[in-house]
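Visitor: Dropping the sequence and predicted coords here.
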Amino acid sequence: MASADIAQKRPAVPSSPEPSTPPESGPKAAEKPESLFLEFWYSLKGNKAAMVSLVVIGILVLIAILTAIVPGILPYDPYAQDLSASFQPPSAAHWFGTDQQGRDIFSRILIGTQVSLSVGLLAVAISLAVGVTLGAIAGYKGGAIDTVIMRIMDMMLAIPSILLAIAFMAALGKGVDKAVIAIGLVSIPEYARIVRSQILSVKENDYVAAARVIGDSDAKIIFRHVLPNVLPSIIVRATLGISGAILDAAALGFLGLGVQPPQAEWGDMLGRGRNYIFSAPYTMIFPGLAITITVLAFNLLGDGIRDAVDPKSRRR
């Protein structure tokens, strides 16, 4: 009995507490974006105009790919001429009508998607490659190199882009490949100035100074440490630049300096249809709508990307 009383009076040993998890601050973890890309995507999804534009661009890209790899997908041969069927108005047989040579306008607009998108993408690629490199060198090196490069860019910007493109076409000759080069060259100054201005504000940061201290070369610092921080601005400008390149390509095609017959291109179709604006207006209306919808889609997508990467630019 005495031992039982001692056992009852002995104080209980407290059990070790279980490790407590720190409370979450802010929104729940499940609601937090897992990466910067997801944060960007969630922001872009909130922009309905940008998402509709993204769908439209996706459809255009799909059309360009399918018309290139599937020979029989078009309702008519876009290059087959039938003068007995010329200037037929839109109907169930020919949705957009036929042109002066009896070719199906709907099929030619679909096949023309290849040219317009490829010219826009390749021209922007040329502008990016040259403009980003020149702007990075000018902004990072400064001094005489900066002065020479930017004065050349200023001289190019002083001339309207379409006139400068026509001048390059006069030197290079006609053709879609020449149009790509000409359009790409005239857009170089815009990318160079954007990249230079961004690098001027980035190159004095501590991580750039640390890279210099450990002995990194200028090229490594520019392309590994500096350019990734100005990438959002470059992406926004490139998206908007595609629409400008498509417009310039259409303008050159309208003037007869772009693609050459019988290749189908929206600007060339627009230029050839202008002689029949009163007798057969559909020969101009549908190519014009194709250009308008494509350019508007890239512009709206570019605005949406800008708002997503830079919250300060969002409209209230």
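Guide: Arrived safely. Residues are numbered from 1 along each chain as shown.
Visitor: Near residue 298, how many residues? Count them for me, please.
Guide: 25 (other Cβ atoms under 10 Å). Every residue, glycine included, has its C-beta placed from N, CA and C.
Visitor: which non-adjacent residue is nearest it?
Guide: residue 243 (3.7 Å; Cβ to Cβ, 6 or more residues apart in numbering).
Visitor: who's in contact with the one you found?
Guide: 120, 294, 295, 296, 298, 299, 302 (Cβ atoms under 8 Å, 6 or more residues apart in numbering).
Visitor: Could you pull up phi and psi at it?
Guide: For residue 243, the backbone dihedrals (degrees, to the nearest 10) come out as phi -60, psi -40.
Visitor: What's the local residue count around the closest residue to residue 44 other than its chain neighbours?
Guide: Closest residue to residue 44 apart from its sequence neighbours, by Cβ to Cβ, 6+ apart: residue 308 at 4.5 Å. Using other Cβ under 10 Å, residue 308 has 22 neighbouring residues.
Visitor: And for residue 246?
Guide: 26.
Visitor: Now that we're looking at it, what pLDDT does it have?
Guide: Looking at residue 246, its pLDDT stands at 92.
Visitor: could I get the contacts of residue 243 as JSON lines with distance to residue 161?
Guide: JSON lines is the format used below for those (distance: Cβ to Cβ, whole Å):
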{"residue": "120", "distance to residue 161": "14"}
{"residue": "294", "distance to residue 161": "18"}
{"residue": "295", "distance to residue 161": "15"}
{"residue": "296", "distance to residue 161": "19"}
{"residue": "298", "distance to residue 161": "16"}
{"residue": "299", "distance to residue 161": "16"}
{"residue": "302", "distance to residue 161": "17"}
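Visitor: Which of those sits closest to residue 196?
Guide: Of all the contacts of residue 243, residue 302 has the smallest distance to residue 196: 20.5 Å, by Cβ to Cβ.
Visitor: Start and end of stretch 255-267, how far apart?
Guide: 8 Å (Cα to Cα, to the nearest Å).
Visitor: try stretch 61-78
Guide: End to end - Cα to Cα - stretch 61-78 spans 19 Å.
Visitor: Tell me the buried residues in that stretch?
Guide: 63, 64, 67, 74, 76, 78 (16 or more other Cβ atoms under 10 Å).
Visitor: What of stretch 107-123?
Guide: For stretch 107-123, by 16+ other Cβ under 10 Å, it's 107-117, 119-120, 122-123.
Visitor: before we move on, back to that, quick one: which helix or strand includes the residue nearest to residue 44?
Guide: For residue 308, the element it lies in under DSSP states H and E is helix 282-309.
Visitor: for residue 106, what are its contacts?
Guide: For residue 106, counting by Cβ under 8 Å, 6+ apart, the contacting residues are 75, 76, 94, 95, 96, 286.
Visitor: can you put the residues you listed in a markdown table and add secondary structure and distance to residue 41?
Guide: A markdown table is the format used below for the contacts of residue 106 (DSSP: H, G, I helix; E, B strand; the rest coil; distance: Cβ to Cβ, whole Å):
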| residue | secondary structure | distance to residue 41 |
| --- | --- | --- |
| 75 | coil | 37 |
| 76 | coil | 40 |
| 94 | coil | 41 |
| 95 | coil | 36 |
| 96 | coil | 36 |
| 286 | helix | 34 |
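Visitor: Of those, which is the nearest to residue 48?
Guide: After measuring the contacts of residue 106 against residue 48 - Cβ to Cβ - the closest member comes out as residue 286, at 26.4 Å.
Visitor: Can you tell me how far the nearest residue to that closest one once chain neighbours are set aside is from residue 62?
Guide: Nearest residue to residue 286, sequence neighbours excluded (Cβ to Cβ, 6+ apart): residue 96, at 4.5 Å. Per Cβ to Cβ, to the nearest Å, residue 96 is found 19 Å from residue 62.
Visitor: before we move on, the earlier item: quick one: contacts for the residue nearest to residue 286?
Guide: 90, 104, 105, 106, 109, 282, 286.
Visitor: secondary structure element for the fifth one?
Guide: Right, the one you point to is residue 109. helix 105-141.
Visitor: what does the next helix or strand after that helix contact?
Guide: Downstream of helix 105-141, the next assigned helix or strand under DSSP H and E is helix 143-157. Contacting residues not belonging to helix 143-157 are listed as 134-135, 137-139, 164, 186, 188-190, 192-193, 196 [Cβ under 8 Å, 6+ apart].
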